[in-house]
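>>> Based on what follows, work out the 3D shape:
(one chain, ligands or ions: 1)
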Amino acid sequence: MRRRLGALPVVREFPWRATRDPWRVLVAEVCCQQTQAHRAVEAYERVCGRFDSPAACAAATLAEVLDAWRGLGYYRRAKALHEAARQIVERHGGRVPDDLDSLLALPGIGPYTARAVLAFAFERDVGIVDTNVGRVLSRAIANRRLGRLDAQRLANSLVEPGRGWTHNQALLDLGAAHCTSVPRCAGCALRPCCKWRRGGSVTADPATDSAGVSRRQARFAGSDREGRGRLLAAVLDGPVRLSDVASVIGCQDDLLRATRVAATLCNEGLLQRRAGVLAVASSSASTER
Ligand code: SF4
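Below you'll find the predicted structure:
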């Protein structure tokens with residue numbers, strides 16, 4: 001059953017909203033995974049500036065792609081994007097595919113990102129469910145916790161034909177500006193019809209553990225995530241001796257943590273140990289150079 005939400009406004013401006021280039025849209029969506037959109041702008045422009053097509057990215061080394069990704073964190077995403085670019089070249093003639101199954105088969109592309117590419121690059125009428133939209137769906141429309149399939153069906157049912165791009169961007173904006181983890185209902189366009197709000201918001205927040213809604217991230221300062229970012233940034237400037245890892249990370253009194261952080265980056269295929277030093281993994285280096 002198709003439901004109507006009315007025309008919600010698109011309010012935020014991002015460089016990727018001015019394009020329908022599937023590669024740029026894909027880069028934007030990967031940059032925005034686990035990251036607030038405004039924090040992804042700089043890296044998005046750097047990645048697109050250096051690699052203006054899947055072919056350009058596929059021909060680069062992993063070190064070059066990681067270097068373009070600097071500052072954004074979660075470097076596994078950069079490695080996945082690099083591998084996705086190679087598969088796009090090998091299997092799709094260098095063009096980002098425009099069907100759900102082919103997109104889902106690419107490294108690092110999950111149900112949200114695949115549908116976001118369909119909606120934002122190819123203007124398909126599919127619903128997307130990320131953390132922002134997931135909160136809106138579970139609170140305003142369903143007033144209950146939603147499972148993954150339920151949420152996807154509901155998201156699809158809300159898209160009016162021909163309005164997939166605008167509708168999804170507007171829902172993302174509403175979720176980011178109003179339907180945040182602690183909702184700011186004043187000024188929310190859905191306030192008059194929001195089921196949770198109309199019920200007085202007296203029940204437990206239905207967005208908790210609902211599909212697509214991510215949990216609050218653990219503290220960054222002092223975390224392994226911070227340590228991985230520091231170590232990777234240092235290695236991008238040149239090989240780091242294993243004996244220096246703890247001081248690079250800033251945990252000289254916790255050698256176990258230093259070992260764990262280095263091992264994680266090696267296991268993820270981002271770094272490799274070579275003769276007592278850590279360097280960017282070369283297994284993904286282009287064979288075309
Ligand atoms: S009225 Fe409040 S709870 Fe309902 S959608 Fe808007 S911000 Fe979310």
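
>>> List the buried residues for the longest helix seen in the chain?
For the chain, the helix that runs over the most residues, judged by DSSP state H, is helix 76-92. Within helix 76-92, the residues scored as buried using 16 or more other C-beta atoms under 10 Å are 76-89. For every residue, glycine as well, the C-beta is placed using N, CA and C.

>>> cool, and stretch 160-172?
So for stretch 160-172, counting by 16+ other C-beta under 10 Å, buried means 164, 165, 166, 167, 168, 169, 170, 171, 172.

>>> before we move on, the earlier item: any chance you could list what contacts the longest helix of the chain?
Helix 76-92 is contacted from outside by 26-27, 30-31, 33-34, 47, 51, 54-55, 57-58, 60, 62, 65-66, 68-69, 72, 94-97, 102, 105-109, 268-270, 284, using C-beta atoms under 8 Å, 6 or more residues apart in numbering.

>>> Which ones among those lie within strands?
With strands defined by DSSP state E, no entry of these lies inside them.

>>> quick one: contacts of the lowest-mean-pLDDT helix or strand in the chain?
Within the chain, no helix or strand scores below helix 195-198, which has a mean of 91 by mean pLDDT, DSSP states H and E. The contact list for helix 195-198, computed with C-beta under 8 Å, 6+ apart, reads 139, 140, 141, 142, 143, 185, 191, 203, 205, 206.

>>> The fifth one: neighbouring residues, count only.
Right, residue 143. By other C-beta atoms under 10 Å, the residues close to residue 143 number 16.

>>> how many other residues sit next to residue 17?
Burial of residue 17 is recorded as 15 neighbouring residues (other C-beta under 10 Å).

>>> That one and residue 166 touch, don't they?
No: assessed by C-beta atoms under 8 Å, residue 17 is found out of contact with residue 166, at 10.4 Å.

>>> so what sits against both of those two?
Common neighbours of residue 17 and residue 166 (C-beta under 8 Å, 6+ apart) are residue 10.

>>> isn't residue 5 right next to residue 157, touching?
No: the pair residue 5 / residue 157 is not scored as a contact, 10.2 Å apart, by C-beta under 8 Å.

>>> So the two - more neighbours on which side?
Taking other C-beta under 10 Å, residue 5 and residue 157 do not tie; residue 5 has more neighbours (18 against 13).

>>> which residues touch that one?
Counting by C-beta under 8 Å, 6+ apart, the residues that residue 5 touches are 158, 167, 190.

>>> For the last one, which non-adjacent residue is closest in space?
Right, residue 190. The shortest distance from residue 190 to any non-neighbouring residue, by C-beta to C-beta, 6 or more residues apart in numbering, is to residue 140 (4.6 Å).

>>> quick one: contacts for that neighbour?
Contact analysis of residue 140 by C-beta under 8 Å, 6+ apart lists 179, 190, 193, 194, 195, 196, 197.

>>> from those, which are also near the ligand?
Among these, the ones lying near the ligand by C-beta under 6 Å from any ligand atom are 179, 190, 194, 196, 197.

>>> For the residue nearest to residue 216 when sequence neighbours are not counted, give me its contacts.
Counting by C-beta to C-beta, 6+ apart, residue 216 lies nearest to residue 181, which is 6.8 Å off, once chain neighbours are set aside. Listed by C-beta under 8 Å, 6+ apart, the contact set of residue 181 reads 135, 207, 216.

>>> Let me know the distance separating the residue nearest to residue 190 from residue 71.
According to C-beta to C-beta, to the nearest Å, residue 140 and residue 71 sit 35 Å apart.

>>> all helices for the stretch 51-200 of the chain, in order.
With helices called from DSSP state H, counting those that start in this stretch, the stretch 51-200 of the chain shows them at 54-59, 62-69, 76-92, 100-104, 111-120, 131-136, 148-158, 164-177, 195-198.

>>> Please verify my assumption that residue 63 contacts residue 280.
Yes: Residue 63 is in contact with residue 280 according to C-beta under 8 Å; the separation is 4.1 Å.

>>> higher neighbour count, those two?
Using other C-beta under 10 Å, the more surrounded residue of residue 63 and residue 280 is residue 280, with 21 against 17.

>>> ok, that one - contacts?
Going by C-beta under 8 Å, 6+ apart, residue 280 touches 61, 62, 63, 66, 235, 236, 270, 271, 272.

>>> can we see that at 7 Å?
Listed by C-beta atoms under 7 Å, 6 or more residues apart in numbering, the contact set of residue 280 reads 62, 63, 66, 235, 236, 271.

>>> Now do the residue sitting nearest the centre point of the chain, the pLDDT please.
Among the residues of the chain, the one closest to the centroid is residue 33, at 1.2 Å (C-alpha atoms, centre = their mean). pLDDT for residue 33: 94.
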